[in-house]
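*Asks:* could you look at this predicted model? Sequence included:
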Amino acid sequence: MVVQFAKRTSEIAPFRVMEVLKTAAELESAGHRVVHFEVGEPDFTTAAPIIKAGQLALANGYTKYTQATGIEPLRLAISAHYKTMGVSVAPEQICVTSGASAGLMMLSALLLNPQDELLITDPGYPCNEVFARTVGATPVRIPTSSNNRFQPVWEDLEAAWSAHTKGALLASPANPTGTMLEAEVLKHLAAQIRQRDGALILDEIYQGLVSEAPYPTGLSVTSDLFVLNSFSKFFGMTGWRLGWIVVPHAAIEGITKLAQNLFISPSTPAQYAALAAFEPEAMAIHESRAEIFRQRQALLMNGLKDLGFSIPVAPDGAFYLYVDVSHTRMKSSEFCHWLLTKHFVAVTPGEDFGDQDAQRYVRFAFTTDEDSIALGLQRLEQAMTELDVEDS
């Protein structure tokens with residue numbers, strides 16, 4: 001008997017950054033020192049106050065299921081966090097999730113039926129389309145370019161809008177570009193989508209990791225949003241697998257039923273640990289680390305430019321640079337393979353993020369320390385020198 005697997009498994013592309021990471025690990029096992037610019041995970045361990053709170057939760061026996069949408073103290077803390085940004089969000093609108101991925105899965109299940117279409121950006125986070133496909137919907141890529149800072153305007157979405165379109169999933173700051181939607185553009189997009197009875201999902205998982213943000217949260221611009229957030233990036237809790245979503249009041253019942261049935265509840269110790277993430281001591285650590293990321297961005301960006309690389313758009317936030325490598329006369333996938341296997345510097349090819357100019361760009365993540373960035377730039381300089389010799 002031959003088991004026939006679901007069609008969606010053949011429609012899902014590999015997550016290429018994980019393939020890069022696997023090759024890098026193999027090279028490290030062989031004794032090579034690899035400089036890691038490929039993975040979007042902060043190199044800092046979780047802040048000590050959060051770890052202490054998690055340990056205390058375990059010691060106190062907080063290891064059983066919680067309410068499906070999260071413990072009330074954490075939803076209250078998240079609500080209070082929005083108040084510091086001048087936004088009122090009722091705790092009932094907040095659903096704590098098992099990471100942002102679980103949040104996207106629940107929002108896809110809440111909003112999309114089979115044959116529906118969801119507009120997503122190209123380039124964009126590669127897993128976004130997988131969540132739509134998992135519920136039988138079709139992701140539709142909206143090409144963006146450096147002309148609009150790799151963010152869509154309404155005309156881009158309008159050109160792709162069809163009778164099957166149910167909404168759009170956007171990000172601000174975005175992965176892989178780090179750019180944010182302008183406030184007026186976001187407001188206009190939300191209004192146009194609402195007029196068509198669609199839904200706008202805004203991914204804000206890099207909230208806090210910004211330089212001069214045009215707004216603290218999209219909810220300060222418009223209330224017509226489903227907001228996705230995470231404890232992974234700014235709060236440095238990647239392995240704890242915890243995030244949250246904010247939904248309109250009309251969606252509370254539906255999202256609660258999905259949370260109950262799909263995930264039972266988020267990790268209990270992680271929720272109690274996350275309570276400490278909003279305390280002044282922990283927030284001071286998060287802000288300090290955000291400033292370190294800003295310093296790393298300047299170091300890496302200036303270094304790459306000095307080596308002749310083009311960065312068409314400086315990021316507003318996150319911890320990525322989307323870098324044009326077309327001057328090397330190599331496709332991005334070829335460039336990344338050559339750089340990793342010959343010079344032991346790991347970066348992510350643009351094809352991991354979509355089709356639009358994918359072979360022209362690579363993503364550098366400055367989630368490593370300044371000494372490693374300096375070493376990576378040194379190796380890049382040597383690599384480019386060798387490339388000039390080979391081409392001469």
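*Replies:* Yep, that arrived. Nothing here was measured: the structure is a model prediction, and the numbers come from that model.

*Asks:* now do the buried residues in stretch 82-96.
*Replies:* For stretch 82-96, the neighbour count (16 or more other Cβ atoms under 10 Å) marks 82, 87, 89, 91, 93-96 as buried. (Each C-beta comes from the backbone N, C-alpha and C, glycine too.)

*Asks:* state the pair within those that is farthest apart.
*Replies:* Greatest spacing in these, by Cβ to Cβ: V87 and V96 (17.8 Å).

*Asks:* can you pull out the strands in the stretch 151-300 of the chain?
*Replies:* With DSSP state E, counting those that start in this stretch as the criterion, the stretch 151-300 of the chain has strands at 165-171, 199-203, 226-230, 243-246.

*Asks:* out of those, deepest packed?
*Replies:* When those are scored by mean count of other Cβ atoms under 10 Å, the highest mean neighbour count falls to strand 243-246 (a mean of 26).

*Asks:* using CSV, write out every CA atom in it.
*Replies:* The C-alpha coordinates for strand 243-246 follow below in CSV (Å, rounded to 0.1, in the frame of the first residue of the first chain):
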residue,chain,number,x,y,z
GLY,A,243,3.1,35.2,21.2
TRP,A,244,-0.2,36.9,21.1
ILE,A,245,-2.8,38.2,18.7
VAL,A,246,-5.3,41.1,19.1
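
*Asks:* tell me the mean pLDDT for that strand?
*Replies:* Averaged across strand 243-246, the pLDDT comes to 98.

*Asks:* point out where the stretch 251-392 of the chain drops to low pLDDT.
*Replies:* 389-392 (pLDDT under 70).

*Asks:* and V3, what pLDDT?
*Replies:* 83.

*Asks:* now swap in the one 3 residues further on and tell me
*Replies:* The score at A6 is 81. That number is its pLDDT.

*Asks:* now V362: how far from A13?
*Replies:* The spacing between V362 and A13, counted by Cβ to Cβ, to the nearest Å, is 17 Å.

*Asks:* neighbour count winner among the two?
*Replies:* Neighbour count, other Cβ atoms under 10 Å: between V362 and A13, V362 has more, with 28 against 12.

*Asks:* for the more buried one, list each beta-bridge partner.
*Replies:* V323, P349 (DSSP bridges).

*Asks:* dump the residue contacts of it.
*Replies:* Applying Cβ atoms under 8 Å, 6 or more residues apart in numbering to V362 gives the contacts 322-323, 325, 332, 335-336, 347-350.

*Asks:* how much space separates it from A174?
*Replies:* 16 Å.

*Asks:* before we move on, what about A183?
*Replies:* Distance from A183 to A174, by Cβ to Cβ: 15 Å.

*Asks:* and those two? which has more neighbours close in?
*Replies:* A174 (28 against 16).

*Asks:* which residues are in contact with that one?
*Replies:* 121, 124-125, 150-151, 180, 203, 318.

*Asks:* again, but for L157
*Replies:* 119, 142, 168, 189, 192-193.

*Asks:* now, which of the contacts of V362 sits nearest A298?
*Replies:* Nearest to A298 out of the contacts of V362 is V323 (Cβ to Cβ; 14.8 Å).

*Asks:* distance of the residue lying closest to L202 once chain neighbours are set aside relative to E182?
*Replies:* Leaving out its chain neighbours, the residue that sits closest to L202 by Cβ to Cβ, 6 or more residues apart in numbering is G218, at 4.5 Å. Going from G218 to E182 by Cβ to Cβ gives 11 Å.

*Asks:* so between the two, which is more surrounded?
*Replies:* G218 (27 against 18).

*Asks:* residue contacts, that one?
*Replies:* For G218, the contact set (Cβ under 8 Å, 6+ apart) comprises 172, 181, 186, 202, 204, 225, 227.

*Asks:* a markdown table for the buried residues of stretch 82-96, including secondary structure?
*Replies:* Output for the buried residues of stretch 82-96, formatted as a markdown table (DSSP: H, G, I helix; E, B strand; the rest coil):
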| residue | secondary structure |
| --- | --- |
| Y82 | helix |
| V87 | coil |
| V89 | coil |
| P91 | helix |
| Q93 | helix |
| I94 | strand |
| C95 | strand |
| V96 | strand |
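
*Asks:* just name the closest of those to S146, please.
*Replies:* S146 has its nearest neighbour among these in V87, at 30.7 Å by Cβ to Cβ.
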